[in-house]
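> My questions are about this predicted structure, shown below with the sequence.
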Number of protein chains: 2
Amino acid sequence: MITQEKQQRNWKPIIKEFEAVLGKNGVVQRREELITYECDGLTSYRQRPAVVVLPRTTEQVAQLVKICDRYSIPFIARGSGTGLSGGALPIENCVLIVTSLMRQILSVDLENQRVVVQPGVINNWVTQTVSGAGFYYAPDPSSQIICSIGGNVAENSGGVHCLKYGVTTNHVLGLKIVTPDGSIVDIGGQIPEMPGYDLTGIFVGSEGTLGIATEITLRILKSAESICVLLADFTTVEAAAESVSDIISAGIIPGGMEMMDNISINAVEDVVATNCYPRDATAILLVEIDGLEVEVAANKQRVAEICLKNGARNITSASDLETRLKLWKGRKAAFAAAGHLSPDYYVQDGVIPRTQLPYVLQEIEALSQKFGYKIANVFHAGDGNLHPLILFDNSVEGALEKVEEVGGEILKLCVKVGGSISGEHGIGADKKCYMPDMFSEIDLETMQWVRQVFNPQGLANPGKIFPTPRTCGEAASASKQQFEGVELF
Amino acid sequence: MITQEKQQRNWKPIIKEFEAVLGKNGVVQRREELITYECDGLTSYRQRPAVVVLPRTTEQVAQLVKICDRYSIPFIARGSGTGLSGGALPIENCVLIVTSLMRQILSVDLENQRVVVQPGVINNWVTQTVSGAGFYYAPDPSSQIICSIGGNVAENSGGVHCLKYGVTTNHVLGLKIVTPDGSIVDIGGQIPEMPGYDLTGIFVGSEGTLGIATEITLRILKSAESICVLLADFTTVEAAAESVSDIISAGIIPGGMEMMDNISINAVEDVVATNCYPRDATAILLVEIDGLEVEVAANKQRVAEICLKNGARNITSASDLETRLKLWKGRKAAFAAAGHLSPDYYVQDGVIPRTQLPYVLQEIEALSQKFGYKIANVFHAGDGNLHPLILFDNSVEGALEKVEEVGGEILKLCVKVGGSISGEHGIGADKKCYMPDMFSEIDLETMQWVRQVFNPQGLANPGKIFPTPRTCGEAASASKQQFEGVELF
């Protein structure tokens, strides 16, 4: 348990032990060097860790975790630190285990479509490694040029192409993990369906609370013969949303299907000037179709017809790589562009049934009016995964709290219409207080049973995912949040 | 714990309690009526349960389990009893909770492609219910006209179409379960990726050891616009196996890709007389291609070219439903037909990397020669899932033990080449002693952690999945098997 006396911990002997494992260069403890690690992509929360350690091997991770276990020190794993739910947010007096030196691609087996990587490997390095041979790694978060596979595993990351190909958990075949007592365990394997319990499934998306993945076996896919991107522009959100539903109902599953609203369109045109997105459109749809050439041609025709039937003004399409990238460029830059619209933005992540899109967007607009913050909407329309970007100025006192309230209202709206409080960014520190909106007490308790067996001391990433049984605003300590309300057996 | 004194249990008050929940008709205890429940599809093991109970609702299941929990009685859930690994095999003095009266389809939501069913619903009723609207349920075990969805969930069942569409776990969105203490818990939900731990993933395939599913939310898929079945016949196994590899390497994922050897071909032609399968072929491949019409036409052409390049003698194809069913008929009847070749057969289920097919089939032939049993091979070639059928006569003393030895050798062979001891039939009672061939002690222990939190008294389906730490032949009691070697925390 994490108790008060550990606040006055004597770190000297512990750091000595870390240095014995990693050498002096592998241990960061100077105040100014620790600043980098105070937060992840959720920059509104900050906490400096006591020490940062930088292992290179599974064996080193196991030794570090064993030291933490022996001294009862909470530890938190961190990949590239791009997560948006504060999953890698430090707590006071914790050790941050950073995997950014674990960047080896350990094996590539094209015949069986498997790649084994260390957790610090950057997402798009996997595709870069195998693309020459005609393969790719499907999950593609917007941050894919910087986020790590380890972080993707922790948060079960999605991306544009997850509509058709599934999120990270659908592409992880097996894992070598270090459990919170420092044991090294192999879960899953080299083939998709292993007998016994599906521990891989439970580990992926567990946000570092069940241990640290140190080797990850990924499934790679054969690149499609042909790819086409369509851009359709609409004068109403309803028409765009209706097109999304109709495309899926027609049995077409596009590689990706994204929607952007007028605010987002103008933001990206201001910043990256694609000159492809019509500034007067109320909404645009970007639909990527992949498959055999004949299949793509047929589906392109059908998608275009559906959009036109629903009132699309124009449809542009591109099959060559250069133009396709140009059409995607604005979507990929949307979050960054929002940063140019106002000093700060808060990105929310929720899921709704596709059929509820027009209603939910109306309600978000009403929240925008009520609270007085502009909200840009960019989202994975095909799977109903919303990303409202709430624009604000953090230097205004009380603004962050207000914006978080708006974000919370949006999540409650998602749950109300039968959706989810997280699509692909995870729960982390940011959303744990909304878990009871979605799960009953006994449902959450059942999850905590699993946490307890892997993590009985509660040292692996405490204070994440699970809410305190109290109201969310109360300043309960991480330890209390974790142990209260859980009666094991 | 299941201890000796419970063998002399006084069942009268317990049965009274069961009857209070279900009425007299819901409780089966007469010796002659219990015979039906002595085994599942693995008929070589038999054990009569003490009592059989037949609930109709979640609430009733919860009450029954609470009674078992209170009296520390082991209980085992059973669906249609078609499982092939003895997952529903009773143990002495157990209660069998049979879900065959829980046969309601609770809701159908075509717009969101979801169907909610009770566990006793038969697999192909789901497709029958939604096919008129152009949908189907993908997992299709050969036993689909009789096996139950609850049993499919327990064993994570596969089928011919799982090559392209995945096994049961890929089609279960959420579950209402009764945990082994009688609590009712909702796991997963109405949308594919829920936040928190993926308890649905761990429950599917847990073979009744973590509780009983009482409501299952299934994902249904849009039926393909066009389907075509190709039958290619070969004079060597290598040529057929090479074609399988080449088809996948070409980036084509058929809906199903099945191989049958000469023994199987002749068995089915003797019994069901399809008149489609050439009796002199060494092996045939059945390849089903689905998708858009243009896509199917193009892929059909490519598959045919690949087979011919590898030396196929003839290729037959069919797009109309009637001829397609005729081509599939022999494959679907293969297990039954094997029953006509000899008094008994033992079906094995193992997985190998596709590239190892020719080598493994040679080795199986060598085992057949060495032990003197004919072995017919029928299998899901596309995903390397073998189903060797070992033909024997159970009335010959010692034959079953010998055949089980052959089956074990085949499994070890699968593990040796990087495969798995089970593809889709589960571990159950039959294969638990092979788990250490595939998993290290700490890997198995980690799975048992999970079992312990859900099932601390060890009452839910004891003696399944996990091997005793002793040699497999030893007659350790179920309770010992379960608790030894597991040090929690």
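Arrived safely, thanks for sending.

> isn't A:E225 right next to A:E293, touching?
Yes: with contacts defined as C-beta atoms under 8 Å, A:E225 counts as touching A:E293 at a distance of 5.7 Å. Where you see a C-beta, it was placed from the backbone N, CA and C, and this is true even at glycine.

> which bits of the stretch 251-400 of chain A sit near chain B?
A:251, A:291-295, A:297-299, A:351, A:353, A:355, A:383-384 (C-beta under 8 Å from any C-beta of the partner chain).

> pLDDT at the nearest residue to A:A224 once chain neighbours are set aside, what is it?
Of all residues not flanking A:A224 in the chain, A:D290 sits nearest, at 3.7 Å (C-beta to C-beta, 6 or more residues apart in numbering or on different chains). With respect to pLDDT, A:D290 scores 95.

> Repeat that for A:A88.
At A:A88, pLDDT is 96.

> Which secondary structure state does it sit in?
Of the three states, A:A88 takes coil under DSSP: H, G, I helix; E, B strand; the rest coil.

> List the contacts of the residue lying closest to A:G26 once chain neighbours are set aside.
Nearest residue to A:G26, sequence neighbours excluded (C-beta to C-beta, 6+ apart): A:L54, at 4.7 Å. A:L54 sits next to A:22, A:25-28, A:98, A:100-101 when contact means C-beta atoms under 8 Å, 6 or more residues apart in numbering or on different chains.

> how about A:Q113, phi and psi?
Per-residue torsions, A:Q113: phi 60, psi 50 (degrees, to the nearest 10).

> contacting residues for the one residue in chain A that gets nearest to chain B?
Nearest to chain B in chain A, going by C-beta to the nearest C-beta, is A:G201, at a distance of 3.1 Å. By C-beta under 8 Å, 6+ apart, the contact list for A:G201 reads A:169, B:169, B:198, B:201-202.

> need those residues in TSV with distance to A:E305, secondary structure and pLDDT, can you?
Converted to TSV, the contacts of A:G201 look like this (distance: C-beta to C-beta, whole Å; DSSP: H, G, I helix; E, B strand; the rest coil; pLDDT from 0 to 100):
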residue	distance to A:E305	secondary structure	pLDDT
A:T169	35	helix	94
B:T169	36	helix	94
B:D198	38	coil	92
B:G201	38	helix	92
B:I202	43	helix	94
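
> mind giving me TSV with these and columns for distance to B:D69?
Formatted as TSV, the contacts of A:G201 follow (distance: C-beta to C-beta, whole Å):
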residue	distance to B:D69
A:T169	32
B:T169	27
B:D198	26
B:G201	25
B:I202	21
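
> so which of these comes closest to A:S245?
A:T169 (25.7 Å; C-beta to C-beta).

> okay but that closest one is in contact with A:V204, surely?
Yes: using C-beta under 8 Å, A:T169 is in contact with A:V204, at 4.2 Å.

> Residues in contact with both of the two, list them for me.
Counting by C-beta under 8 Å, 6+ apart, the common neighbours of A:T169 and A:V204 are A:156, B:198.

> Comparing these two, which residue is more hemmed in?
Neighbour count, other C-beta atoms under 10 Å in any protein chain shown: between A:T169 and A:V204, A:V204 has more, with 29 against 22.

> the strands in the stretch 301-450 of chain A, which residues?
Using DSSP state E, counting those that start in this stretch, the strands of the stretch 301-450 of chain A run over A:314-318, A:344-347, A:350-351, A:375-380, A:385-392.

> Close to chain B: what parts of the stretch 1-150 of chain A are there?
A:111-112, A:134.

> TSV please, covering those and showing neighbour count.
Shown next, in TSV, are those (neighbours: other C-beta atoms under 10 Å in any protein chain shown):
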residue	neighbour count
A:E111	11
A:N112	15
A:G134	15
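
> Just send these back as JSON lines, with secondary structure too.
Conversion of these to JSON lines gives the following (three-state DSSP):
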{"residue": "A:E111", "secondary structure": "coil"}
{"residue": "A:N112", "secondary structure": "coil"}
{"residue": "A:G134", "secondary structure": "coil"}
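
> if I've got this straight, A:L175 is in a strand?
Yes: when three-state DSSP is applied, A:L175 is found to be in a strand.

> where does it land on pLDDT?
With respect to pLDDT, A:L175 has a value of 97.

> Repeat that for the one 10 residues further on.
The pLDDT attached to A:V185 in the predicted structure is 95.

> how close does it get to B:K432?
As for A:V185, its distance to B:K432 is 19 Å (criterion: C-beta to C-beta, to the nearest Å).

> do the same with A:T168
Separation of A:T168 from B:K432 (C-beta to C-beta): 31 Å.

> Settle it for me: which of those two has more neighbours?
Using other C-beta under 10 Å as the criterion, A:T168 and B:K432 rank with A:T168 on top: 28 against 22.

> And the residue nearest the centre of chain A, its phi and psi?
Residue closest to the average C-alpha location in chain A (C-alpha atoms, centre = their mean): A:H425, at 3.1 Å. Dihedral pair for A:H425: phi -100, psi -10, per degrees, to the nearest 10.

> Enumerate every residue touching A:N152.
A:79, A:123, A:139, A:141, A:168.

> who wins for neighbours among these?
The contacts of A:N152, ranked by neighbours (other C-beta under 10 Å): first place A:G79, 30 neighbours.

> Is it in contact with A:S148, as I believe?
Yes: using C-beta under 8 Å, A:G79 is in contact with A:S148, at 3.3 Å.

> what sits in contact with each of the two?
A:99-100, A:119-120.

> Secondary structure, pLDDT and neighbour count added to the residues you listed, as CSV?
Converted to CSV, the shared contacts of A:G79 and A:S148 look like this (DSSP: H, G, I helix; E, B strand; the rest coil; pLDDT from 0 to 100; neighbours: other C-beta atoms under 10 Å in any protein chain shown):
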residue, secondary structure, pLDDT, neighbour count
A:T99, coil, 98, 25
A:S100, coil, 96, 15
A:P119, coil, 98, 27
A:G120, coil, 98, 23
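
> among these, which two are most distant?
A:S100 and A:P119 (9.3 Å).

> which stretches of the stretch 51-200 of chain A have low pLDDT?
Under the criterion pLDDT under 70, the flagged ranges of the stretch 51-200 of chain A are A:192.

> hey, where'd the helices end up in it?
With helices called from DSSP state H, counting those that start in this stretch, the stretch 51-200 of chain A shows them at A:58-71, A:123-130, A:149-155, A:162-165, A:199-203.

> okay, the ones you listed, which one's buried deepest?
helix A:149-155 (a mean of 31; mean count of other C-beta atoms under 10 Å in any protein chain shown).

> how distant is that one from the center of its chain?
Helix A:149-155 has its C-alpha centroid displaced from the chain centroid by 8 Å (C-alpha atoms, centre = their mean, to the nearest Å).

> Could you give the bridge partners of the residue nearest to A:A224?
Under DSSP bridges, the beta-bridge partners of A:D290 are A:I227.
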